[in-house]
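Visitor: Build me a model from this:
(chains A, B, C, D, E, F, G and H)
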Number of protein chains: 8
Amino acid sequence: MREPRDAFHLAIPAHDLDEAEAFYVGGLGCHLARRYPDRITLDFFGDQVVCHLSPPTAAAGELDLYPRHFGVTFRAREDFDALVALAEQRKLPFFRGVQPRFEGMVEEHLTFVLRDPSDNLLEFKHYRDPRMMY
Amino acid sequence: MREPRDAFHLAIPAHDLDEAEAFYVGGLGCHLARRYPDRITLDFFGDQVVCHLSPPTAAAGELDLYPRHFGVTFRAREDFDALVALAEQRKLPFFRGVQPRFEGMVEEHLTFVLRDPSDNLLEFKHYRDPRMMY
Amino acid sequence: MREPRDAFHLAIPAHDLDEAEAFYVGGLGCHLARRYPDRITLDFFGDQVVCHLSPPTAAAGELDLYPRHFGVTFRAREDFDALVALAEQRKLPFFRGVQPRFEGMVEEHLTFVLRDPSDNLLEFKHYRDPRMMY
Amino acid sequence: MREPRDAFHLAIPAHDLDEAEAFYVGGLGCHLARRYPDRITLDFFGDQVVCHLSPPTAAAGELDLYPRHFGVTFRAREDFDALVALAEQRKLPFFRGVQPRFEGMVEEHLTFVLRDPSDNLLEFKHYRDPRMMY
Amino acid sequence: MREPRDAFHLAIPAHDLDEAEAFYVGGLGCHLARRYPDRITLDFFGDQVVCHLSPPTAAAGELDLYPRHFGVTFRAREDFDALVALAEQRKLPFFRGVQPRFEGMVEEHLTFVLRDPSDNLLEFKHYRDPRMMY
Amino acid sequence: MREPRDAFHLAIPAHDLDEAEAFYVGGLGCHLARRYPDRITLDFFGDQVVCHLSPPTAAAGELDLYPRHFGVTFRAREDFDALVALAEQRKLPFFRGVQPRFEGMVEEHLTFVLRDPSDNLLEFKHYRDPRMMY
Amino acid sequence: MREPRDAFHLAIPAHDLDEAEAFYVGGLGCHLARRYPDRITLDFFGDQVVCHLSPPTAAAGELDLYPRHFGVTFRAREDFDALVALAEQRKLPFFRGVQPRFEGMVEEHLTFVLRDPSDNLLEFKHYRDPRMMY
Amino acid sequence: MREPRDAFHLAIPAHDLDEAEAFYVGGLGCHLARRYPDRITLDFFGDQVVCHLSPPTAAAGELDLYPRHFGVTFRAREDFDALVALAEQRKLPFFRGVQPRFEGMVEEHLTFVLRDPSDNLLEFKHYRDPRMMY
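Guide: So this is what the prediction gives:
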């Protein structure tokens, strides 16, 4: 178990803060903590994500899940399922739909990947065996 | 407060897994959860960080804290101080030393930034007013 | 102790949603959960406050703390003090400054009252004896 | 999750303290914390509600759920159901019976509204997706 | 640590329910959960005490702390001190004032004993070493 | 919820400490914290029960559940059932078998009563609606 | 319940640290906290196990579960089952397969025993009645 | 943080169960959970230690802390200090007195070692930096 009183924080680029707020708050259901001219800070599933206004970099080819992405691993299957339902009902852009990985192994988990308006990739997971969350 | 049973996860590039393990496990004191040929997974202050083996990209100029970095915001000052002491005693590479930000404002916090062997930047923070952690 | 997983919710009138958001999010540091044309919902110190767009009623004389107000009673003195500091630094409108009540009695507590842009009154308290919080 | 050691508090008018105590303690099953000549304080599902003796104001037309009401949002469906059962068995006055709202949307929830003897309205809710509680 | 969701319950005699309520609710600051013609039930520091209306038994000599009494052992010294202050300010009847016991031994603790209107004795304790609470 | 770090404590008479230990530790599965010549102290479901060696008083007629008894109210039905199973398997002396009380009312609960070797009565309960535990 | 912030620690012999790490980290899924030339320290299901490099002692006959072994007793059946699945999928060496013990008694539990590369025996258990975990 | 609902368990040899009980219960203040003809089970600081009756093995030379010992690492300095005080007041047999280890390093901690009547060694520790507990 992690310490409930601390917070992970992650800073990511956003090409447009209105789009970012629409995706994270209006779409994903995160809470807006603060908005400044150059960034918004979010309560992202209990941790902090900061979207910094940042021009798009020259595209370096195809968008890839590796090596950079982030997200939440849910202990409870129902929390994972609720987020899948939210993403479908609100038509959030999937980069990859729900699929199992490592089937038949201890590391087996369900995963899906969303794509935010600035092409950041968000992966959400649920492991059958919670000890494999790390 | 965040949910203690879930975990944030973050995937980042590592140019060399041995170096990454030396920095995160031997240096920062994180726990090694698993090692595969192409990645290591870490219990990073209770959340999951995965270092994916990934060749360095062509350097795009100077290393910058924005828009990408990650880390932990500690609720308790003593946890922040303990990590500062660890970083100094173990001579971890600082990108930016301990400094206050937004002094005199509600958002006032202490912060320092480390640099991992693959030039990922890690920021650790402590806010005087814990409500500003988001 | 209350149950951390439930939430109290309170619906109040707001004459102007932008003003309400500026006061509660930009001022008090609450998080914006959702915004609709006719209301905003807030994570208010962990509980839910909903501001419903609502025309001002004909003023019925002077604004009074009784019988209607709401707020938070903090167990820890430091949380109370942090909010006082925030209110002062951000120049939030006080209806009544910090003062003790029931001095010398078991019910002794510190209290201050803020006034939101729609004349809702918010009282924040800290009791010396936490058993008197009810 | 909210902080279990703090308490939300809400002050509301009551035209008659005996009636208020009968409704909140004898009916809803809240605990009476204190009784003074001009008010009673209640442990209301873990938070504090204070009923201040207050003459009825001239009725301004029909009783409306907006913009003022309060209540509890239960994380667990069984807590919601238990309260429905209690309200029915003890024949508490419903202002609006159990009904779903926002069906088919992420915000879908069950809700019912009680009416206390001084015409304060209490809404109790349960969301299918607990992230929508705010 | 004990399980926070369960409750100890204790049934004791009361010669007069009004007196009992005055002592436990108005004096000790416990919350009244329910009142029936033949008993009152109390939230007594988080556990349940039920006072059953019961005629006094023929006094069997002097009142003695042994073998029957009940109370709370506080982990935190400040909770013990707060209750001492409450008992003094509200002039609750002490059967025995604050005193140390087993001084110089591991079992050392502070204790005082109150006497309710039906001659039930209540002992409150604080141990220097919390492992001795049992 | 009660505070997990505090403990209720109850002192009761025991005519014979070996018998008391056999009943509470060997039978009920409580843990023996300490044994002195004149008493034993027990970790009784997380709270403290002290059995003081005490001669039997002249029997005042039939043994009655009122006004004195004690026990635990379990939040979870499975904890109640496990204790019923234990009492039956270990043939602990029932004063009253498992039975419902207040059926069809909000206060409905299951209860059974054990009798210790010194004729102290122990009642264990489980309420369908946990808010009725007080 | 035990205190979540403390840790049990156990030091055991290991004939070969690589083998120990392969068994505990790669096999059992424990996390490697630190590696020194003469020992490794492990986050073993939340407690600390240290494997000290130590030559095998002259075998004193057959390997026996008594009097020395260690392991975890899981409160939740699903945690026990998940570990059984892991041990089978990863073909960890069983010293004794899953079996019930004390069937029909209150102390009934499920248990299996693993054998580490240095012949330390690890027993994992789940009791039907969690009060029997001690 | 470890999971409060699970328990580590450790089985160790005891040459004499009365001596073991005297040391662990009467001395260290652990609670006796059960006693059988061939073993006693203890609530050892919230985890389970079982002392199995077992004849002394032929002494293999001097008693050594490595590779086998066990104990508790306390998060809070005051819990460590309380145990030191208990060990001194009750004159428990020290194998090694309180001493710091790894001074000036991140792994710095205080430690002392007790010796039970069957020559099992118990080490208790407190780390300045709680992240080094593993």
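Visitor: For chain H, what's its nearest residue on chain A.
Guide: With Cβ to the nearest Cβ, the shortest gap between chain A and chain H falls at A:M1, namely 4.8 Å. Heads up, the C-betas are built off the backbone N, CA and C, glycines and all.
Visitor: Identify the residue nearest that residue in space, chain neighbours excluded?
Guide: Distances taken as Cβ to Cβ, 6 or more residues apart in numbering or on different chains place B:P4 nearest to A:M1, at 4.4 Å, with adjacent residues excluded.
Visitor: Assign the one you found to helix, strand or coil.
Guide: At B:P4, secondary structure determined by DSSP: H, G, I helix; E, B strand; the rest coil is coil.
Visitor: Could you double-check that it sits in contact with A:R5?
Guide: No: the pair B:P4 / A:R5 is not scored as a contact, 9.4 Å apart, by Cβ atoms under 8 Å.
Visitor: Verify the contact between A:Y134 and B:Q48 for me.
Guide: Yes: using Cβ under 8 Å, A:Y134 is in contact with B:Q48, at 5.1 Å.
Visitor: Can you check which residues contact both of those two?
Guide: By Cβ atoms under 8 Å, 6 or more residues apart in numbering or on different chains, A:Y134 and B:Q48 have these common neighbours: B:7, B:33, B:41-42.
Visitor: F:P55: which of those is nearest?
Guide: Set against F:P55, the nearest of the shared contacts of A:Y134 and B:Q48 by Cβ to Cβ is B:A7 (59.8 Å).
Visitor: Next up, the contacts around that closest one.
Guide: Applying Cβ under 8 Å, 6+ apart, the residues near B:A7 are A:2, A:72-73, A:133-134, B:46-48.
Visitor: what residues are up against the residue of chain A found nearest chain F?
Guide: Closest to chain F within chain A is A:P4: 15.3 Å, counting by Cβ to the nearest Cβ. Counting by Cβ under 8 Å, 6+ apart, A:P4 touches B:1-4, D:1.
Visitor: So which residues of chain A form strands?
Guide: A:7-14, A:31-36, A:39-44, A:47-53, A:69-73, A:94-101, A:109-115, A:121-127 (DSSP state E).
Visitor: Adding mean pLDDT as columns, could you present these in CSV?
Guide: CSV is the format used below for the strands of chain A (pLDDT from 0 to 100):
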stretch, mean pLDDT
strand A:7-14, 98
strand A:31-36, 97
strand A:39-44, 98
strand A:47-53, 98
strand A:69-73, 98
strand A:94-101, 98
strand A:109-115, 98
strand A:121-127, 98
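Visitor: neighbours of the nearest residue to A:F74 once chain neighbours are set aside, just the number please.
Guide: Nearest residue to A:F74 in three dimensions, chain neighbours excluded: A:F80, at 4.5 Å (Cβ to Cβ, 6+ apart). Per other Cβ atoms under 10 Å in any protein chain shown, the neighbour tally for A:F80 reads 23.
Visitor: Next: A:M105.
Guide: Using other Cβ under 10 Å: A:M105 sits among 14 other residues.
Visitor: got a list of what it touches?
Guide: A:M105 touches G:Q89, counting by Cβ under 8 Å, 6+ apart.
Visitor: need the contact list for the closest residue to chain C within chain A.
Guide: Relative to chain C, the nearest point of chain A is A:H31 (3.8 Å; Cβ to the nearest Cβ). Applying Cβ under 8 Å, 6+ apart to A:H31 gives the contacts A:25, A:42-43, B:134, C:31-33, C:43, D:134.
Visitor: Quick check: A:A7 vs H:R68, distance?
Guide: 40 Å (Cβ to Cβ, to the nearest Å).
Visitor: If you could redo that for A:Y66, that was the one I meant.
Guide: 44 Å.
Visitor: Show me which of those two is the more surrounded one.
Guide: Under the criterion of other Cβ under 10 Å, the comparison of A:Y66 against H:R68 puts H:R68 first, with 17 against 14.
Visitor: I'd say the more buried one and G:V49 touch.
Guide: No: with contacts counted by Cβ under 8 Å, H:R68 stays clear of G:V49, the gap being 11.7 Å.
Visitor: if I look at the two, which residues touch both of them?
Guide: The contact lists of H:R68 and G:V49 share G:11-12, where a contact means Cβ under 8 Å, 6+ apart.
Visitor: longest single helix anywhere in chain A?
Guide: Assignment by DSSP state H gives helix A:77-89 as the longest helix of chain A.
Visitor: name the helices or strands packed onto that helix?
Guide: The contact analysis (3 or more Cβ pairs under 8 Å, 6 or more residues apart in numbering or on different chains; DSSP states H and E) places helix A:77-89 against strand A:109-115, strand A:121-127.
Visitor: contacting residues for the residue of chain A positioned farthest from its centre?
Guide: The C-alpha centroid of chain A is most remote from A:G104, which lies 25.7 Å away (Cα atoms, centre = their mean). A:G104 sits next to G:Q89 when contact means Cβ under 8 Å, 6+ apart.
Visitor: got it, and the one 3 residues further on?
Guide: For A:E107, the contacting residues are A:101, A:127, A:129, A:132, by Cβ under 8 Å, 6+ apart.
Visitor: tell me which of those is nearest to chain E?
Guide: Using Cβ to the nearest Cβ, these come closest to chain E at A:D129, 26.4 Å.
Visitor: nearest residue to the closest one other than its sequence neighbours?
Guide: The nearest residue in space to A:D129 (Cβ to Cβ, 6+ apart) is G:A82, at 4.5 Å.
Visitor: for chain G, what are the nearby residues on chain A?
Guide: A:1, A:104-106, A:128-132, A:134 (Cβ under 8 Å from any Cβ of the partner chain).
Visitor: Pull the most distant pair out of those.
Guide: Pairwise over these, using Cβ to Cβ, the maximum falls at A:M1 and A:G104, 27.5 Å.
Visitor: is it true that A:R2 touches B:F44?
Guide: No: checked against Cβ under 8 Å, the pair A:R2 and B:F44 is beyond contact range at 9.7 Å.
Visitor: hang on, isn't the residue nearest to A:F74 packed against A:F124?
Guide: Yes: counting by Cβ under 8 Å, A:F80 sits close enough to A:F124 to count as a contact (6.5 Å).
Visitor: quick one: A:D38 from B:E103, how far?
Guide: For A:D38 relative to B:E103 (Cβ to Cβ), the value is 19 Å.
Visitor: Who has more neighbours out of these two?
Guide: Taking neighbours as other Cβ under 10 Å, A:D38 and B:E103 compare with A:D38 leading, 13 against 10.
Visitor: Local confidence estimate at that one?
Guide: Looking at A:D38, its pLDDT is 97.
Visitor: Now it. Nearest residue, chain neighbours left out?
Guide: Using Cβ to Cβ, 6+ apart, the closest residue to A:D38 is A:L53 (4.8 Å).
Visitor: Surely the one you found and A:L17 touch.
Guide: Yes: with contact defined as Cβ under 8 Å, A:L53 counts as touching A:L17 (5.6 Å).
Visitor: what touches both of these two?
Guide: A:R39.
Visitor: sorry, back to before: give the intersection of the neighbour lists for A:F80 and A:F124.
Guide: A:F74.
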